[in-house]
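K.L.:
When you get a sec, could you give me coordinates for this:
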Amino acid sequence: MDDAFFWCYPWDLLDDDLDAAVARLSGEIGVTGLTVAAVTASVDAVRPRIRPVRVRQPAAAHFRPDSTRYEATRIRPGVASSKSGRNPLELIAKAAGRSGLKLRARLTLFDNEALAQRHPMAACVDAYGQPSVARLCTNNPDVREYALAVVDDLTSNYPLSAIELESSDFAGRAASVAPSECGVEPTEALSALLAMCFCAACRQRADEAGLDPETVAQSVRELADRVFRLDSTAPNSWNDVMESDDRTRVFAESHSSASVRLVQSICDRAATPIVMHVFRAGRLNALDVAAARICHAVSIVPTRADGASGVDDLAGFVSRCGGPERVEIGLAVHPPVTTDGPTLVRAVQHWVRAGHRTLGLSHYGLAPEPSLDWVRQALRFARRDGRVGAGRPLRTS
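P.N.:
The predicted model follows:
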């Protein structure tokens with residue numbers, strides 16, 4: 001293994017002694033880099049070690065945007081308020097440099113309540129005609145230019161070793177629309193159906209694919225209504241949805257194709273490698289493989305802490321991506337996923353011995369003090385095994 005990155009929100013470092021925290025991560029704990037959330041969705045978190053304990057943050061950017069990068073879009077990053085006027089990413093970049101740590105920026109670009117409400121023309125619209133209050137549509141031209149501008153801004157102005165993209169694909173919307181309360185079981189199929197977008201840009205895409213968008217919307221409503229009626233013929237999984245109606249399948253595939261083109265554009269624009277996160281535990285699809293071939297790597301978060309992936313045919317997916325060096329593994333280092341040091345040690349050993357070059361450790365702010373020691377133990381054992389710290393860069397072409 002070449003690298004172990006500890007993921008953190010900027011306030012988790014800035015609310016602490018920044019230089020002391022970064023030096024500890026580099027020295028005592030032994031990570032080789034930091035992944036900082038530079039653009040976030042809304043956050044409500046309880047932190048065991050850092051005060052204040054409760055942190056509530058709206059969706060925001062945590063860097064100072066370069067206005068010249070955003071001339072092609074009406075959308076500008078909503079910057080987090082700061083009493084001192086600090087540039088969080090710049091401060092952390094300097095501290096990381098002093099401690100010899102690599103720096104990545106993680107971007108959640110499309111789940112943003114403030115931007116969706118400020119730019120309603122760019123928000124997703126479901127099959128029932130209801131606009132999203134939090135989700136931007138990746139088919140919208142302004143949204144696509146906004147995403148490209150953020151990546152251009154960050155890779156041009158900060159010493160980043162990579163950009164990590166979250167929720168960059170159509171399927172990523174399903175998680176963002178999952179309701180907090182629902183009168184029926186919120187199945188994968190229902191989430192996917194409610195996530196399908198029928199905004200003006202998506203309707204234009206449907207026309208280009210030879211589809212009548214209103215006919216497709218009616219098909220999606222009929223499938224969702226089966227779930228609402230507790231109909232025994234209701235779809236349960238994403239595959240059920242795709243097999244239920246050809247028009248819905250073609251419509252969904254057109255979204256996926258547009259997402260792949262967006263990822264390609266981001267990779268072409270970025271001055272650093274791009275890593276895309278894949279969240280769908282148990283199901284990895286053609287879009288994920290396409291993204292892996294375009295990006296420098298993809299990152300998968302296993303659903304179990306004991307070294308098992310929880311993902312169907314992960315070995316086949318890794319092979320189609322070009323091998324384990326192209327697939328990064330994300331590990332939650334704190335409860336409830338990881339509950340003791342030996343479990344984390346086994347998980348790190350499992351993935352490192354399988355040939356995965358980079359681990360992402362999640363996350364610094366939520367980790368109780370014992371969890372930091374578990375990370376230290378796991379990386380120490382990996383080093384003893386001769387499998388950590390080589391520090392090869394990600395490929396750049």
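
K.L.:
Low-confidence ranges, the stretch 1-150 of the chain, go.
P.N.:
83-84 (pLDDT under 70).

K.L.:
my bad, should have said the stretch 251-397 of the chain
P.N.:
For the stretch 251-397 of the chain, the ranges with pLDDT under 70 are 279-289, 291, 303-313, 386-397.

K.L.:
Would you state the strands of it in chain order?
P.N.:
274-278, 297-300, 327-332, 358-362 (DSSP state E, counting those that start in this stretch).

K.L.:
Using a markdown table, lay out those strands together with distance to residue 117.
P.N.:
Heads up, the C-betas are built off the backbone N, CA and C, glycines and all. Compiled in a markdown table, the strands of the stretch 251-397 of the chain are given as follows (distance: least, CB to CB, whole Å):
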| stretch | distance to residue 117 |
| --- | --- |
| strand 274-278 | 25 |
| strand 297-300 | 30 |
| strand 327-332 | 30 |
| strand 358-362 | 29 |
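
K.L.:
you'd agree residue 222 is in a helix?
P.N.:
Yes - inclusion of residue 222 in a helix is indicated when DSSP: H, G, I helix; E, B strand; the rest coil is applied.

K.L.:
sorry, back to before: can you tell me which of the strands of the stretch 251-397 of the chain is nearest to residue 134?
P.N.:
When the strands of the stretch 251-397 of the chain are compared by CB to CB, strand 274-278 sits nearest residue 134, at 18.3 Å.

K.L.:
Residue 162 pairs with what?
P.N.:
residue 104 (DSSP bridges).

K.L.:
dump the residue contacts of it.
P.N.:
With contact set as CB atoms under 8 Å, 6 or more residues apart in numbering, residue 162 has these partners: 104, 272-275, 296, 394.

K.L.:
what does residue 368 give?
P.N.:
Contacts of residue 368 by CB under 8 Å, 6+ apart are 48-49, 334-335.

K.L.:
ranking those residues by neighbours, who comes first?
P.N.:
With neighbours taken as other CB atoms under 10 Å, the top of the contacts of residue 368 is residue 334, carrying 22 neighbours.

K.L.:
Hmm, that one is touching residue 365, no?
P.N.:
No - using CB atoms under 8 Å, residue 334 is not in contact with residue 365; the gap is 9.8 Å.

K.L.:
Helices of the stretch 251-397 of the chain, residue ranges please.
P.N.:
For the stretch 251-397 of the chain, the helices defined by DSSP state H, counting those that start in this stretch cover 286-294, 314-321, 341-353, 369-384.

K.L.:
Take the contacts of residue 162 and lay them out in JSON lines including neighbour count and distance to residue 116.
P.N.:
Putting the contacts of residue 162 into JSON lines (neighbours: other CB atoms under 10 Å; distance: CB to CB, whole Å) gives the following:
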{"residue": "104", "neighbour count": "23", "distance to residue 116": "26"}
{"residue": "272", "neighbour count": "21", "distance to residue 116": "28"}
{"residue": "273", "neighbour count": "21", "distance to residue 116": "29"}
{"residue": "274", "neighbour count": "26", "distance to residue 116": "24"}
{"residue": "275", "neighbour count": "26", "distance to residue 116": "25"}
{"residue": "296", "neighbour count": "21", "distance to residue 116": "29"}
{"residue": "394", "neighbour count": "20", "distance to residue 116": "32"}
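
K.L.:
And these, which is closest to residue 258?
P.N.:
Proximity of the contacts of residue 162 to residue 258 (CB to CB) peaks at residue 274, which lies at 17.1 Å.

K.L.:
what are the bridge partners for the closest one, then?
P.N.:
Where residue 274 sits in a bridge, its partners, by DSSP bridges, are residue 163.

K.L.:
related to what we said a few turns ago, out of the helices of the stretch 251-397 of the chain, which gets nearest to residue 63?
P.N.:
Of the helices of the stretch 251-397 of the chain, nearest to residue 63 by CB to CB is helix 286-294, at 24.6 Å.

K.L.:
Excluding chain neighbours, give the residue nearest to residue 161 in space.
P.N.:
Nearest non-adjacent residue to residue 161, counting by CB to CB, 6 or more residues apart in numbering: residue 102, 4.3 Å away.

K.L.:
give me phi/psi at the one you found?
P.N.:
Main-chain torsions, residue 102, degrees, to the nearest 10: phi -70, psi 160.

K.L.:
ok, how many other residues are close to it?
P.N.:
When neighbours are counted by other CB under 10 Å, residue 102 registers 19.

K.L.:
right, and it touches residue 32 too?
P.N.:
Yes - the criterion here is CB under 8 Å, and residue 102 meets it with residue 32 at 6.0 Å.

K.L.:
what is in contact with these two at once?
P.N.:
With CB under 8 Å, 6+ apart, residue 102 and residue 32 have common neighbours 3, 5.

K.L.:
what's the closest non-adjacent residue to the one residue sitting closest to the centre of the chain?
P.N.:
Central residue of the chain (CA atoms, centre = their mean): residue 166, 2.0 Å from the mean position. Residue nearest to residue 166 in three dimensions, not counting chain neighbours: residue 108, with 4.5 Å by CB to CB, 6+ apart.

K.L.:
Report the contact partners of that neighbour.
P.N.:
Residues in contact with residue 108, defined by CB under 8 Å, 6+ apart, are 37, 39-41, 59, 166-167.

K.L.:
any idea how far it lies from residue 147?
P.N.:
Distance, residue 108 to residue 147, by CB to CB, to the nearest Å: 11 Å.

K.L.:
got the buried residues for the helix or strand in which residue 150 is found?
P.N.:
Following DSSP states H and E, one finds residue 150 within helix 141-157. For helix 141-157, a neighbour-count test (16 or more other CB atoms under 10 Å) marks 142-155, 157 as buried.

K.L.:
Show me what it packs onto, helices and strands only.
P.N.:
In terms of contacts (3 or more CB pairs under 8 Å, 6 or more residues apart in numbering; DSSP states H and E), helix 141-157 is packed against strand 102-108, strand 162-166, helix 246-269.
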